[in-house]
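Q: Would you be able to build a 3D model of this:
(one chain, ligands or ions: 1)
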Amino acid sequence: MGCAHAQTNAGLRATLLNKGAILLGCGKSYACIVFRTKSSPQTRGMTMNKTISILLLTLIATSALAATGEETYNTTCANCHAKGLAGAPQTGDKKAWGKLIKEGQVELTADGYGGVRAMPAKGGRAELTVAEFAGAVVFMANKAGANWQEADDTMLKKINARIEKRAQAKK
Ligand code: HEC
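A: The predicted model follows:
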């Protein structure tokens, strides 16, 4: 089964397939959750049931979203940051991260994404989006005592603007 979605205002994508399966994906995650509801005509006819399912699925998808930063961290950043390889600020090292956290979420995320000395751009994974990278930065900053929130659209715009500015300056 493919993963075709119709985007809703909530930023969540839900598609009601004709066989009664509900496909749900999240903007920031590649994860695609597939749920099957009973395909009997009675079930499909009950709008209320569908509404409840979608509400429930939205909750599930929201909690799946929260894991994204940690997932990106585990698959990509932990390679260096878990042990402090090559001078990387070690995860949970409050002293090393304290200075970085003070730079601010927009600055730190944008600079890290573009690469800093031995820190490869995008953590060395070319396909990593800014949102995914930002999530991993939040995860590491919070491990060192920050209380950062997942970057919202407004913040992502600022991060992107700074990434663009840095890229221009390097040329
Ligand atoms: C190949 C090793 C490596 C990987 C993989 C890696 N980092 Fe780093 N990272 C470093 C090193 C080394 C530094 C320290 C750079 C310096 O200051 O010289 C660093 C620094 C940083 C900084 C601080 C940047 C600054 O402004 O000083 C951030 C933020 C960061 N990394 C985030 C991440 C995230 C998020 C990931 C995963 C998506 C990641 N890193 C993956 C090696 C790595």
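
Q: Dihedrals phi and psi, Met119?
A: Note on Met119: its backbone torsions stand at phi -80, psi 110 [degrees, to the nearest 10].

Q: Tell me if I'm right that it and Leu108 touch.
A: No - using CB atoms under 8 Å, Met119 is not in contact with Leu108; the gap is 11.2 Å. Every residue, glycine included, has its C-beta placed from N, CA and C.

Q: Ala118: neighbouring residues, count only.
A: Ala118 has 10 neighbours, counted by other CB atoms under 10 Å.

Q: neighbours of the closest residue to it other than its chain neighbours, just the number please.
A: Excluding the flanking residues, the one nearest Ala118 by CB to CB, 6 or more residues apart in numbering is Ala86, at 4.6 Å. Per other CB under 10 Å, the neighbour tally for Ala86 reads 10.

Q: returning to what we had before: which one of Met119 and Leu108 has more residues nearby?
A: Regarding Met119 and Leu108, a neighbour count based on other CB under 10 Å identifies Leu108 as having more, with 23 against 20.

Q: Can you show me the helices along this structure?
A: Counting by DSSP state H, the segments of the chain that form helices are 41-45, 47-66, 68-72, 78-81, 94-103, 105-114, 130-143, 153-170.

Q: ok and the last one relative to helix 105-114, angle-wise?
A: Calculated by axes from the mean of the first three to the mean of the last three CA atoms, to 10 degrees, helix 153-170 forms an angle of 50 degrees with helix 105-114.

Q: who in the protein is up against the ligand?
A: Proximity of the chain to the ligand (CB under 6 Å from any ligand atom) is limited to residues 72, 76-77, 79-81, 85-89, 100, 108, 111-112, 116-120, 123-124, 128, 133, 136-137.

Q: so Gly124 touches Thr76, yeah?
A: Yes - contact status for Gly124 versus Thr76: in contact at 7.2 Å, counting by CB under 8 Å.

Q: and the closest residue to Lys122 other than its chain neighbours, how far is that from Ala136?
A: When the adjacent residues along the chain are set aside, Lys122 lies closest to Leu128, with 4.5 Å between them (CB to CB, 6+ apart). According to CB to CB, to the nearest Å, Leu128 and Ala136 sit 8 Å apart.

Q: and for these two, which residues touch both?
A: Shared contacts of Leu128 and Ala136, defined by CB atoms under 8 Å, 6 or more residues apart in numbering, are found at Thr72, Thr76.

Q: Name the residue in those two with the higher neighbour count.
A: Neighbour tally, Leu128 and Ala136, criterion other CB under 10 Å: the higher count belongs to Ala136, 25 against 18.
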